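Chemist: Build me a model from this:
(one chain, ligands or ions: 1)
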Amino acid sequence: MQNLYQDILRAKKNHQKLLAILIDPEKVSIEAAVTLSEKIISSPATHIFIGGSTFSGTHLDELIAIIKTKTQLPVLIFPGHPSQISNEADGILFLSLLSGRNPEYLIEHHINSVDALEKSNLEIIPTGYLLIDGGKETAVQRVSQTQPIEYGNVELAYKTAKAGEFLGKKLIYLEAGSGAEKHVSLEMVQFVVQNINIPLIVGGGIRSLEKIKEVHEAGADLVVIGTAFENNPNFFL
Ligand code: 1GP
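Modeler: From the prediction side, this is the model:
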């Protein structure tokens, strides 16, 4: 029996900051998986997220299986689409795009995921997903055809996150989008974290160790690094 969520809660309680490396399966071949896993092992990552807005390939199961043989870190699906559900992972961030008003990303994909999830052993973690404007149109915005919350609209981000908590989400993810020009503001992170009781994930546009530290110190429980590690697997060395 997995306890991924309980482990996140325990870390929050103990003020232990978490770090996920996001792997976009579209950009990682089977051949590259072993080397990538070795780089992840020698990084401070506590979690691996895997998924992407546009991935539709067929090697996801194999990719995760290789990563699982090489690392002990929990692997969570970060799905852009129900086709990205893989039973090779440990869990799934079951995302509702609460910042948007597209029913496909609020409930439709979720209904279409039920058969695969019922057959899987994945730990399902209901996650309120909020896209925040990071200075340029990102893949999430394009694919979901939704508008992000404005960069400075701390009040709306907080209310959306809080509504997510009231709806029973177990995590809130503030997302500036992969490769965002600017990450979610520290002011927004601070305000949201002070006013919700569930753990907060922050990702998108975070490109340096200093920024990871700043976002953690602003209150994020888990920071996600995708592009910076993708571009430089020695990022943490
Ligand atoms: C994207 O939050 C993640 O979904 C990571 O973003 O690729 O900009 O690190 P980056």
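Chemist: Rounded mean pLDDT for the strand or helix carrying residue 213, please.
Modeler: Here residue 213 sits within helix 209-218, counting by DSSP states H and E. Mean pLDDT, helix 209-218: 98.
Chemist: So residue 70 versus residue 210, what's the distance?
Modeler: Per CB to CB, to the nearest Å, residue 70 is found 29 Å from residue 210. Quick note: C-beta positions are derived from backbone N, CA and C, even for glycine.
Chemist: Which one's more surrounded, those two?
Modeler: residue 70 (15 against 9; other CB atoms under 10 Å).
Chemist: which helix is the longest one in this protein?
Modeler: helix 154-167 (DSSP state H).
Chemist: so what secondary structure elements neighbour that helix?
Modeler: Contact here means 3 or more CB pairs under 8 Å, 6 or more residues apart in numbering; DSSP states H and E; on that basis helix 154-167 packs against strand 123-131, strand 171-175, helix 186-195.
Chemist: Please work out which of these is packed deepest.
Modeler: Among the helices and strands packed on helix 154-167, the stretch with the highest mean neighbour count (mean count of other CB atoms under 10 Å) is strand 171-175, at a mean of 26.
Chemist: Quick one: residues contacting residue 86.
Modeler: Contacts here follow CB atoms under 8 Å, 6 or more residues apart in numbering; on that basis residue 86 touches 60, 61, 64, 77.
Chemist: From the residues you listed, pick the one nearest the ligand.
Modeler: residue 77 (12.7 Å; CB to the nearest ligand atom).
Chemist: Tell me the confidence at the closest one?
Modeler: Confidence for residue 77, expressed as pLDDT, is 98.
Chemist: which residues does it contact?
Modeler: Neighbour list for residue 77: 49, 50, 51, 84, 85, 86, 89, 91, 92, 93, 122 [criterion: CB under 8 Å, 6+ apart].
Chemist: Any chance of those residues in TSV with secondary structure, pLDDT and distance to the ligand as columns?
Modeler: TSV is the format used below for these (DSSP: H, G, I helix; E, B strand; the rest coil; pLDDT from 0 to 100; distance: CB to the nearest ligand atom, whole Å):
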residue	secondary structure	pLDDT	distance to the ligand
49	strand	98	8
50	strand	98	11
51	coil	95	8
84	helix	95	13
85	coil	96	17
86	coil	97	18
89	coil	98	16
91	strand	98	17
92	strand	98	15
93	strand	98	10
122	coil	98	19
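Chemist: filter those residues to the buried ones?
Modeler: 49, 50, 51, 84, 85, 86, 89, 91, 92, 93, 122 (16 or more other CB atoms under 10 Å).
Chemist: how about the strands of this structure, start to end?
Modeler: Secondary structure of the chain (DSSP state E): strands at 18-23, 47-50, 75-77, 91-97, 123-131, 171-175, 200-203, 222-225.
Chemist: Same list (the ones you listed) but as a markdown table, adding distance to residue 138.
Modeler: Below are the strands of the chain laid out as a markdown table (distance: least, CB to CB, whole Å):
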| stretch | distance to residue 138 |
| --- | --- |
| strand 18-23 | 13 |
| strand 47-50 | 16 |
| strand 75-77 | 19 |
| strand 91-97 | 12 |
| strand 123-131 | 8 |
| strand 171-175 | 8 |
| strand 200-203 | 11 |
| strand 222-225 | 14 |
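Chemist: who in the protein is up against the ligand?
Modeler: Residues of the chain lying close to the ligand (CB under 6 Å from any ligand atom) are 22, 175, 178-180, 203-206, 224-228.
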